[in-house]
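# Here's a sequence, model it:
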Amino acid sequence: MQIMNKNIKCFESGYIIHFFSVFLFLLIFAVSLQAAYREDPDLEFLRYCDNDDLDVLIKYITQDEEGNERWAELLTYDERYKRYYPDHQKYWDLIAEELQSYGGNTVMNLARGKGVPYREILMDVCDKLDVDYNSESSTENIEITLLNSVLKNALENMSENDLRQLADHMGMDVSDLASKGADGMRKLIQSTGFTPYKTAVIVANAISKELVGSGLSFAANRALTRTIKYLSGPTVAVIITAIQTISGLGPNYEVTIPSVIHVAYMRQKHNQSSDYSLIFVVLFIGSLSVGFFVVKIKRRISQRTSF
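Sure, this is the predicted structure:
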């Protein structure tokens, strides 16, 4: 009789779990039917990003650490995704929509018919990682604060010898650092060694290697490549520490934390390429202006000599 009662309880428990799982699936399916990309100026730049970078973001959103499909992801079931994969630029808005949905509560998303703006997701990640940021700052500046915080934690856990080697890899004069000690070297490296783009590359590359199994695909200058190679060794372990403990923060943070850091990296990369394009345009227009000016001067000189 006792055995029968246990079997009945086990059956009831299994039935309840199965029923709850089906309920969650139907709820998420209902969200997917209503969900739509929320126009978001902070994510519009994704349409211009490289497919390689978008591919890493997709893996964060759709796969867990073991490479298995996330049970809540819906991106890979979309017909546009299936049609154009792996040309991710053709469905960048679907990627953004999926990220927005992870940033919100499932029930609230159902009520709203869409997820939350990226900026809210970013600030939520900063709060979860205890990042001291100004909520009134621009989205890009909050991202930079987040990246600097992660890298600062890495530097604080590096020994004086590691810091000296890092400074050497960055092309800094190591002899000047001898009398500064570990704290002095950290401050100097932080103040002179890392631009926002370089910081973004270093942090995003370390996380990509840990969670995806490969680093970022990018064309970096030699100095940056040496720095990344050095920071991809044992001394970068502290960068990964926050990511390795994400599983205890809930399934959404397994997606939003690495995704936000990767979006921050892509924004810095996009801004840098945009700056280069602007410089090229300015130089091109400047060369034309100089050319026209020279031609005009030559004409005047020829007219005077003809008299």
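# Any idea how many residues pack against A72?
19 (other CB atoms under 10 Å). (C-beta placed from N, C-alpha, C; glycine too.)
# whoops, I mixed them up, Y84
By other CB under 10 Å, the residues close to Y84 number 14.
# Equivalent analysis for S138, please.
11.
# Kindly report the same for G184.
Neighbour count of G184, defined by other CB under 10 Å: 14.
# okay, it: pLDDT?
pLDDT, G184: 75.
# go on, L177?
Note for L177: predicted pLDDT of 62.
# repeat for S159
Confidence at S159, expressed as pLDDT, is 78.
# and what of F292?
44.
# got it, and S306?
pLDDT for S306: 54.
# List the buried residues of stretch 80-90.
Neighbour counts over stretch 80-90 (16 or more other CB atoms under 10 Å) mark Y81, H88 as buried.
# Quick check: end-to-end length of it?
Stretch 80-90 has its terminal residues 8 Å apart, counting by CA to CA, to the nearest Å.
# How about residues contacting that stretch?
Residues outside stretch 80-90 that contact it (CB atoms under 8 Å, 6 or more residues apart in numbering) are R47, Y48, C49, N51, L54, D55, I58, L75, T76, Y91, L94, I95.
# mind running it again at 6 Å?
With contacts defined as CB atoms under 6 Å, 6 or more residues apart in numbering, stretch 80-90 is touched by N51, L54, L75, Y91.
# pLDDT wise, what is the residue nearest to the last one when sequence neighbours are not counted at?
Which is Y91. Spatial nearest neighbour of Y91, excluding adjacent residues (CB to CB, 6 or more residues apart in numbering): R80 at 4.8 Å. On the pLDDT scale, R80 is placed at 96.
# what's the next secondary structure element after the helix or strand containing R80?
Per DSSP states H and E: R80 is located in helix 79-84. Of the helices and strands lying after helix 79-84 in sequence (DSSP H and E), the nearest is helix 92-102.
# helices or strands next to that following helix in the packing?
Secondary-structure packing of helix 92-102 (3 or more CB pairs under 6 Å, 6 or more residues apart in numbering; DSSP states H and E): helix 251-306.
# Thanks again, I'm all set now.
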